[in-house]
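Novice: Kindly generate the corresponding structure for this input.
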Amino acid sequence: EINPLLASFFSKVVQILLNRRPNLVLEFLKDHPSLIDDLVFHIDTSAIMDLIYRIVICFENSITRFKVCHWLRDMRLIEKLVSSLSEDASSDTLCNTCNLLSDVIKVCRDPQESFKGAKRCFTS
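Specialist: Coordinates of the predicted model:
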C-alpha cells in the first residue's frame, strides 16, 4: 500500500508536468507501458484515480487527446479498471474505480468538438 500523502504529491507533480510539457510526458508514459498497470493497482488511493483521469483529459489539442485515447485503449485501461471490480476489492478500490469509469464515460459522451476523438477512441 502506498502513502496517500506521497501519492497526492506525486499526482500533483505529474499533473504540473502534463500541463507544462504534455508531449514529453506522453512519450515518457508510452515508453513505460507497465505504468498504467501500476497506477490501476493503486486505484484505491484517490490521488492515483485523479491522476489517471487527468491523463485522459489533460490534452487540449484534440489530435493529441485522440492519440492518448488510442494509446490507453491499446493499454486496455478500461478492461484493467473493470477487472479491478472484484468481490475481494476494498471499498476504496470499488468506489474510485466506479468514479473513474463514470468520469471517463462522461468525457467520452461530451458533445463538444474537443472530446469527439475521445468518444471514438473508447467506443471502438
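Novice: from here on, contacts and neighbour counts on C-alpha atoms
Specialist: Will do.
Novice: quick one: buried residues of the stretch of helix or strand residue 16 belongs to?
Specialist: Per DSSP states H and E: residue 16 is located in helix 4-20. Judged by neighbour count (16 or more other CA atoms under 10 Å), helix 4-20 contains these buried residues: 7-8, 11-12, 14-15, 18.
Novice: Which one of those residues is nearest to residue 47?
Specialist: Distance to residue 47, by CA to CA, is smallest for residue 8 among the buried residues of helix 4-20, at 5.0 Å.
Novice: residues contacting the residue nearest to that closest one when sequence neighbours are not counted?
Specialist: Nearest residue to residue 8, sequence neighbours excluded (CA to CA, 6 or more residues apart in numbering): residue 47, at 5.0 Å. Residues counted as contacts of residue 47 (CA atoms under 8 Å, 6 or more residues apart in numbering) are 4, 7-8, 11.
Novice: Which positions within whichever helix or strand residue 103 is part of qualify as buried?
Specialist: Assigned by DSSP H and E, residue 103 falls within helix 91-109. The neighbour-count check on helix 91-109 (16+ other CA under 10 Å) flags 93-94, 96-101, 104, 107-108 as buried.
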